[in-house]
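**Q** Sequence and predicted structure below; questions after.
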Amino acid sequence: RYLVGANVCLTADCRQTAYMWSTHLAPATDAHWPRHVQKVLDYLATRPQPQVLMGDLNLWKWDQWSPRVTCGAATAPMAKAYDSIVRSGFVDAWAATQEGPGWTGMTSRRAPRGNTYCGKESNGTPYKRIDYVFTKGLTPVATELFGFTGPGKPHPSDHLGVKATLALQARPVPSTAARR
């Protein structure tokens, strides 16, 4: 769908900056996930680091941060696309800072059959992790979800927000011998 970004100042004097990218991905078919994500990664590889890639990626895989639940199905092409982001050097901020699920979508969705909601307890809680903050050249320190008002209640969005606290990575100081 889209990728928008800007070079953002990380320090008051703007001597340190990072490219911040926001995206909302949606390939034409499930089989297109790896190619769809690779186009984004190919473009980002032409831009300086550090970088933050964040947004509604609409893909997930079943793992400790998004365990299998009653609704939705992570697919092999989605998992392959997610893995290609990590293999390209991006760090998944949630996975780096949390041990448990980081479900962000889809709040208050009805299950395909019956009058129940999706989610771990079939009560309208999120049931898949499709919103991410990935970093390259910045260290994830903490993450949290926001925007959930409670099971089965109206929410500001059908997704939860992901907040990530990031730290600048120390740049190596050249040794005395290297400066001669």
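**A** Nice, I can see it. On a predicted model such as this, the values are computed, not experimentally measured, just so you know.

**Q** contacts, neighbours, all on C-alpha from now
**A** Fine.

**Q** need the contact list for the residue most central in space within the chain.
**A** With distances taken as CA atoms, centre = their mean, Tyr132 lies nearest the centre of the chain, 1.2 Å away. Residues in contact with Tyr132 (CA atoms under 8 Å, 6 or more residues apart in numbering) are Leu53, Met54, Gly55, Asp56, Leu57, Asp92, Ala93, Trp94, Val162.

**Q** shouldn't the last one be in contact with Arg129?
**A** This points to Val162. No: applying CA atoms under 8 Å, one finds Val162 not in contact with Arg129, separated by 10.3 Å.

**Q** Looking at the two, which one has more neighbours?
**A** Using other CA atoms under 10 Å, the more surrounded residue of Val162 and Arg129 is Arg129, with 27 against 20.

**Q** tell me the contacts of the more buried one?
**A** By CA under 8 Å, 6+ apart, the contact list for Arg129 reads Leu59, Trp60, Trp65, Ser66, Pro101, Gly102, Trp103, Thr104, Gly105.

**Q** and the gap between the last one and His155?
**A** Going back to what we said before, that points to Gly105. 11 Å (CA to CA, to the nearest Å).

**Q** More neighbours: which of those two?
**A** Neighbours per residue, other CA under 10 Å: of Gly105 and His155, the larger number sits with Gly105, 23 against 15.

**Q** For that one, name its beta-bridge partners.
**A** Going by DSSP bridges, Gly105 is paired in beta bridges with Lys128, His159.

**Q** Pull the contacting residues for it.
**A** When contacts are taken as CA under 8 Å, 6+ apart, Gly105 is in contact with Pro126, Tyr127, Lys128, Arg129, Ile130, Asp131, Asp158, His159, Leu160.

**Q** Export those residues as TSV, with columns for pLDDT and distance to Ser84.
**A** Output for those, formatted as TSV (pLDDT from 0 to 100; distance: CA to CA, whole Å):
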residue	pLDDT	distance to Ser84
Pro126	80	25
Tyr127	79	23
Lys128	84	19
Arg129	90	17
Ile130	91	15
Asp131	94	16
Asp158	78	26
His159	84	24
Leu160	87	24
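
**Q** Out of those, which comes closest to Leu168?
**A** Closest approach between the contacts of Gly105 and Leu168, by CA to CA: Asp131, at 22.5 Å.
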